[in-house]
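Undergrad: Sequence plus the predicted model coming up.
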Amino acid sequence: MQSPQSTESNLSPLVPAYASILELAPYQTGKPVEELTREYGVSDVVKLASNENPIGCSPNVTLAITEQLGQLARYPDGNGYYLKQALADFNDVNVDQITLGNGSDDLLDILARSFVGASDAIVYSQYAFVVYSMLAKMQGAMDVEVPAQRFAHDLKAMSQAVQDNPNTKIVFISNPNNPTGTLLSHKDLHAFVASVPSSVLVVLDEAYIEYSPESNNRVLIDEFDNVVIVRTFSKAYGLAGLRVGYALSSVAVAELLNRIRQPFNVSRIGLAAAAAALSDQDFIERTRLMNDEQMRWMEKQLDALGLGFIKSHANFIMVEIKVEMEDITAASIHEALLEQGVILRPLAAYGLPNWLRITVGLAEDNLRLIDTLRSILTED
Ligand SMILES: Cc1ncc(COP(=O)(O)O)c(C=O)c1O
């Protein structure tokens, strides 16, 4: 590894702990609606960029939040007793196997800080959630990106990468994966976990699990102490603005993670809202049904426009802009859509410059996207 001093920095004389931090590009979030309105002067914006739930969240959440409003001067319960109890029942685990996070990003960060040092390696797949490589750089560790196979994680090659890099501390696997939407089978994941040393932590990031319940690999933590499952309330539960996530693991791992996390990393409102959201599984079912229906509709429309896409198991779909017209690129389409008030996610930062990611929205929002896209593609 390079020493911090060896990299040119305009921060001088302030030097970050690891030279690799200078290579970090800040995480690009989906453009907020307010920003588009401000910058482009468009109103009536449709945001299909951050895999949020377009129906919102369970009505139970509003009530739970209201109940907390008189208590805002008080710190939250640092142990998240009620939420953990509810999560333990829901996932059939013990309370001491749970770690709460300020969104699942917080848990990914806590995992890296707990287990990965500068002489270690993090293994992940090409086209996997971009935060994994950022965490490796943040820790000054080696990031081992394993080439994907037809956009999906190549678990055999990832197992080989762990073998080739005995300093591997964490393997991050996103299932279903963002941004490709690809899904790994339980059988393949089980074989993968069995193939790596028990000293390597396998982190299964199930941020989109509610859209593909069959991809729930919760059982792996009964069999393997080195498996951690990370989940979030930001996607199907519709609480992205509140920041709540959780990790399920062995007691030993949870005990470590709970030492590292900030004592009050989930707010009072976040704790109450997440417990209320979890109690309304009918809402999750409605969310899944709407997503399935709209996903099928979206696939048909993309086919009709002659655009290629990757079959997705989550609430977004990756579409290829390979239009045989001069000057039409994913970047130009993204920009033209922004000008007309539609926000998608460009994927150049993932090494996918010809692709855009569409979050499946409400029927009317999806229709607006497809109509706008059609008019851009057929413009003279
Ligand atoms: C695969 C994956 N993991 C984790 C996250 C982080 O979500 P949050 O921090 O909102 O829980 C995201 C968000 O886009 C994601 O796509």
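TA: Cool, the structure landed. Numbers count the residues shown, from 1 in each chain.

Undergrad: Show me what counts as buried in the longest helix seen in the chain.
TA: Secondary structure of the chain read by DSSP state H shows that its longest helix is helix 281-304. Within helix 281-304, the residues that count as buried by 16 or more other C-beta atoms under 10 Å are 283, 284, 287, 288, 290, 291, 294, 295, 298, 301, 302. Where C-beta positions appear, they are placed from N, C-alpha and C, glycine not excepted.

Undergrad: any idea how far residue 335 is from residue 224?
TA: 46 Å (C-beta to C-beta, to the nearest Å).

Undergrad: Then residue 316?
TA: Taken as C-beta to C-beta, the spacing of residue 316 relative to residue 335 amounts to 20 Å.

Undergrad: Neighbour count: these two, which is higher?
TA: Of the pair residue 316 and residue 335, residue 316 is the one with more neighbours under other C-beta atoms under 10 Å, namely 28 against 13.

Undergrad: Was I right to think the more buried one contacts residue 359?
TA: Yes: using C-beta atoms under 8 Å, residue 316 is in contact with residue 359, at 4.7 Å.

Undergrad: anything in contact with each of the two?
TA: Common contacts of residue 316 and residue 359 (C-beta atoms under 8 Å, 6 or more residues apart in numbering): 51, 345.

Undergrad: Give me the nearest residue to the residue of the stretch 51-200 of the chain found nearest the ligand, chain neighbours excluded.
TA: Residue nearest to the ligand within the stretch 51-200 of the chain: residue 103 (2.9 Å; C-beta to the nearest ligand atom). Of all residues not flanking residue 103 in the chain, residue 243 sits nearest, at 4.2 Å (C-beta to C-beta, 6 or more residues apart in numbering).

Undergrad: what does residue 97 give?
TA: residue 254 (5.3 Å).

Undergrad: thought that neighbour was touching residue 247?
TA: Yes: contact criterion C-beta under 8 Å: residue 254 and residue 247 qualify, at 7.2 Å.

Undergrad: Could you tell me which residues of the stretch 201-350 of the chain lie near the ligand?
TA: Within the stretch 201-350 of the chain, the positions near the ligand by C-beta under 6 Å from any ligand atom are 205, 207, 232, 234, 240, 245.

Undergrad: which residues does the third one contact?
TA: Residue 232 makes contact with 103, 104, 207, 244, 245, 246 under the criterion C-beta under 8 Å, 6+ apart.

Undergrad: out of these, which are inside helices?
TA: Within these, residues falling in helices by DSSP H are residue 104.

Undergrad: What separation do you get for the residue nearest to residue 103 and residue 25?
TA: Taking C-beta to C-beta as the measure, residue 243 and residue 25 are separated by 22 Å.

Undergrad: So which of these two has more stuff around it?
TA: Neighbours were counted for residue 243 and for residue 25 using other C-beta under 10 Å; residue 243 has more, 21 against 9.

Undergrad: give me phi/psi at that one?
TA: Backbone dihedrals for residue 243, given as degrees, to the nearest 10, come out at phi 70, psi 80.

Undergrad: What is the neighbour count of residue 134?
TA: Residues within reach of residue 134, counting by other C-beta under 10 Å, total 22.

Undergrad: does it really touch residue 27, like I thought?
TA: Yes: Residue 134 lies in contact with residue 27 (C-beta under 8 Å); the separation is 6.6 Å.

Undergrad: Are there residues contacting both of the two? Which ones?
TA: Overlap of the contact sets of residue 134 and residue 27 (by C-beta under 8 Å, 6+ apart) is empty.

Undergrad: check which helix or strand covers residue 356.
TA: strand 355-359 (DSSP states H and E).

Undergrad: Please identify the pairing partners of that strand and their relative orientation?
TA: Next to strand 355-359 in the sheet, as set by DSSP bridges, lie strand 316-320 (antiparallel), strand 345-346 (antiparallel).

Undergrad: ok, then the element right after the first one?
TA: The element immediately downstream of strand 316-320 (helix or strand, assigned by DSSP H and E) is helix 330-339.

Undergrad: and the nearest residue to residue 121 once chain neighbours are set aside, how many neighbours?
TA: Once flanking residues are discounted, residue 121 sits nearest to residue 142: 4.1 Å by C-beta to C-beta, 6+ apart. By other C-beta under 10 Å, 20 other residues sit near residue 142.

Undergrad: returning to that earlier point: tell me the angle of the longest helix of the chain relative to strand 355-359?
TA: 140 degrees (axes from the mean of the first three to the mean of the last three C-alpha atoms, to 10 degrees).
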